[in-house]
Every structure is written in structure tokens, then in C-alpha cells.
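Asks: following is a predicted model, sequence given first.
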Amino acid sequence: LPAPATCGWQVAAGILIPSHVYWFGVTVVAAAQNETASSRVAVTVSPSAPAVSIRPLLATKHNPSEELLLIGLVNASMDLSNPSLAWSVSSPETDLAAASSTGAGSLMLALRPGALQPGGEYIFTLTASTLAGAGSSSIFVRMNRAPYGGACRAEYASPALELAPVRIFSSGWQDDDGADGLVFSFALAPAGGGQAMPFGGRSYLQQQEWTGAKRGAWTLLCYAHDAYGGTSVASTAMIVEPAPSLDAEIFSPLLGQAVLAKGVLDIDRLATLADTVASALNANEADPRVDATLRTFFLSSLLDSQPLGQSPEPDSLLATAGALLALGGAGEGGLQA
């Protein structure tokens, strides 16, 4: 007998649809005898286990203070009922049913802010099960840890007085990805609560000057921000005392020294001017218009009214002081040239 002839046909994976029946046939022709023979066989493709994937996250780290949303994709056989879905996590202390707002049995897993630990590493797995089997996919999630270890301090003349400069320093911050990438910002808030008032925007500078400090109890805030949106804050408290009242005892030497540096002025008139301005300021101290900003501005005007080396005119000094008294509520009549 002649040796039997054989042939084969290999179908690549994924070509045949699960749960379908395919007929495969073969025909053999003997050309010399003009004879033909054929045979065929039915092949039923069994249902396959679901194919599962999880959409990748855009960021390499996620902030624990924000919601974490994982989205799964499942491709299951059309003739099977909806697959049973279940999320799991590598951390045994994490209860997904309690930590998630969507539950652990749907395609989406939404974890509430604060559910995962800063700096923690987790593997989340989505499993889809059908009668044909189970398929699963996993994703690695790394949580960001905000900057830590920083301090906030203030430097100022003691005691701190209104309008005196205050320099704020933010230092000692550390970060898991290196402190060189941190940026900083500053703010202040009333002690005991209240809305924080920022000192401008973020920068790489770790110090900020508070000019025009206002009297009261304050909390100075030093923020550190990392590249993943993590933010930490350190704080320090300070009290700004009211500036002392200007009286003749304080006012006369200050103005007198400046005048002597510029020239010679009638001392009697200078003393009268100092006493009159001081009395008016003290009498109107409760008036919000007579604040340290106003005093400083007009004192500077008095001292700078003449170029260095020239004697200021008494009438010019008296006119400037009269304007100060008018704004302070004393009226221009308090001074006479």
C-alpha cells in the first residue's frame, strides 16, 4: 500500500470567536485516476476567560489628600453573563469596601482622600470571573509624601513694633525626591484663626520680608510645595506691639539731630514745632487716620524737605507739620509760623 498522504492547517490564536462552531473540511484529488475524496469536522470553540486590563495612571506618584481613581477594562465572551468583578490590594490593612466610594465590585475603584498612607506603595488587582474562567490585571501605585521636617521662624527687633520690618525664614525641609525641587510661599493669619493672607506667589526663595507690620497677634505661615502637588506648612507666632506715641521727649531729639546735620535752625522754634506736633498726634491717637504710617511719612517729609548741607526753612517745616495735623484731625490752626 502507498504511504498515506497528510496535510495540516494551523489557525492562529484569537482568530476564532469563543462559543462559535466552525466546520473545517479537506478535499483530496487523485488527478491520474480522476478521483476525489473529502472529509470535514465540526469544531466548537469554548468560551475563554475574560481579558482584563487597568488604565495606566498619568502621574508616577499620587497625593494621599486627593481621590485616587482606578479604571478597569474587561473583554469577555458575548454569550456569557456579566463577569463578576473584584478589586484587591496588596496591603492587608486597607479595607477597600470602606475606603472606596464606589465599592470593590465594579470596573471603577475610587479611593477616598486619606485612605492610603503617604509614601506607601500598593499593588491593586482587578479580577473578572466567568463560567469559562477568571482573568486579572494589576497596577502598581506609589503614594507621594509631602515635604517634611521644615520650620518657620521670624527675625525682628524686640519687641516687634508696628511698621518695623519682619524677616520670615523657611528652613529644614526634606523631601523623598530631594529638597532641591521644592518651592516655597508665605502667608500670615490672625492668631486664633482667620483667613490666611499670602505674601505673593511661590518661588525658590526661602525667605520673605513683611513690611508694614500691623499691631496684633499673628501666625506666620511657611509653605513648602513639591513637584507632585504635595504641600506642607510650618508656623510661628508673634505679637506686634503698637508703636509708641510721639511726644516732645521722643520727637525733639530725632528731628533735632536731622536738622543739625543739615544746618542751623532756630532751636526755640524747633522745640515749639516738636511739642505742637507731638501733642496733636497724642491727642488724636485713637483716630485711625493718625497711624504709624502717617507719622512716618510726614516725619520723613520734614527731614528730607531740604538738600543735605542746607538749612531748612522754618516756614517749610511748619507747613509740613500743619498738613500732618490736618490729616490727623487737629486742623491747620494748631501751628503758627
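Replies: Yep, it's here.

Asks: tell me which residues touch G119, please.
Replies: M143, N144, R145, D176 (Cβ atoms under 8 Å, 6 or more residues apart in numbering). For every residue, glycine as well, the C-beta is placed using N, CA and C.

Asks: how about 10 Å then?
Replies: K61, P64, R142, M143, N144, R145, A146, Y148, D176 (Cβ atoms under 10 Å, 6 or more residues apart in numbering).

Asks: the third one and L57 touch, don't they?
Replies: The one in question is R142. Yes - R142 is within contact range of L57, at 9.5 Å (criterion: Cβ atoms under 10 Å).

Asks: how about JSON lines for the contacts of G119, with pLDDT added?
Replies: Formatted as JSON lines, the contacts of G119 follow (pLDDT from 0 to 100):
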{"residue": "K61", "pLDDT": "94"}
{"residue": "P64", "pLDDT": "93"}
{"residue": "R142", "pLDDT": "96"}
{"residue": "M143", "pLDDT": "96"}
{"residue": "N144", "pLDDT": "96"}
{"residue": "R145", "pLDDT": "95"}
{"residue": "A146", "pLDDT": "95"}
{"residue": "Y148", "pLDDT": "96"}
{"residue": "D176", "pLDDT": "93"}
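
Asks: most neighbours among the residues you listed, which one?
Replies: In terms of neighbours by other Cβ atoms under 10 Å, the contacts of G119 top out with N144 at 23 neighbours.

Asks: where do the helices of this structure begin and end?
Replies: 96-99, 248-262, 267-283, 292-303, 314-327 (DSSP state H).

Asks: averaged pLDDT, the first one. What do you get?
Replies: Looking back up the chat, that one is helix 96-99. Averaging pLDDT along helix 96-99 yields 90.

Asks: do the last one as well
Replies: The average pLDDT within helix 314-327 is 49.

Asks: same check on the fourth one?
Replies: With pLDDT averaged residue by residue, helix 292-303 scores 49.

Asks: can you check stretch 230-246 too?
Replies: 85.

Asks: just the CA trace of it, in PDB.
Replies: The C-alpha trace of stretch 230-246 is given here as PDB (Å, rounded to 0.1, in the frame of the first residue of the first chain):
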ATOM      1  CA  GLY A 230       2.200  67.900  47.900                       C
ATOM      2  CA  THR A 231       2.200  70.800  50.400                       C
ATOM      3  CA  SER A 232       3.200  71.100  54.000                       C
ATOM      4  CA  VAL A 233       3.200  74.100  56.300                       C
ATOM      5  CA  ALA A 234       5.200  75.200  59.400                       C
ATOM      6  CA  SER A 235       4.200  78.200  61.500                       C
ATOM      7  CA  THR A 236       5.400  80.500  64.200                       C
ATOM      8  CA  ALA A 237       3.600  83.000  66.300                       C
ATOM      9  CA  MET A 238       4.400  86.600  67.000                       C
ATOM     10  CA  ILE A 239       2.900  89.700  68.600                       C
ATOM     11  CA  VAL A 240       3.300  93.200  67.000                       C
ATOM     12  CA  GLU A 241       3.200  95.900  69.600                       C
ATOM     13  CA  PRO A 242       1.700  99.400  68.900                       C
ATOM     14  CA  ALA A 243       4.300 102.000  68.000                       C
ATOM     15  CA  PRO A 244       5.000 104.300  71.000                       C
ATOM     16  CA  SER A 245       3.200 107.700  70.900                       C
ATOM     17  CA  LEU A 246       5.300 110.600  69.600                       C
END
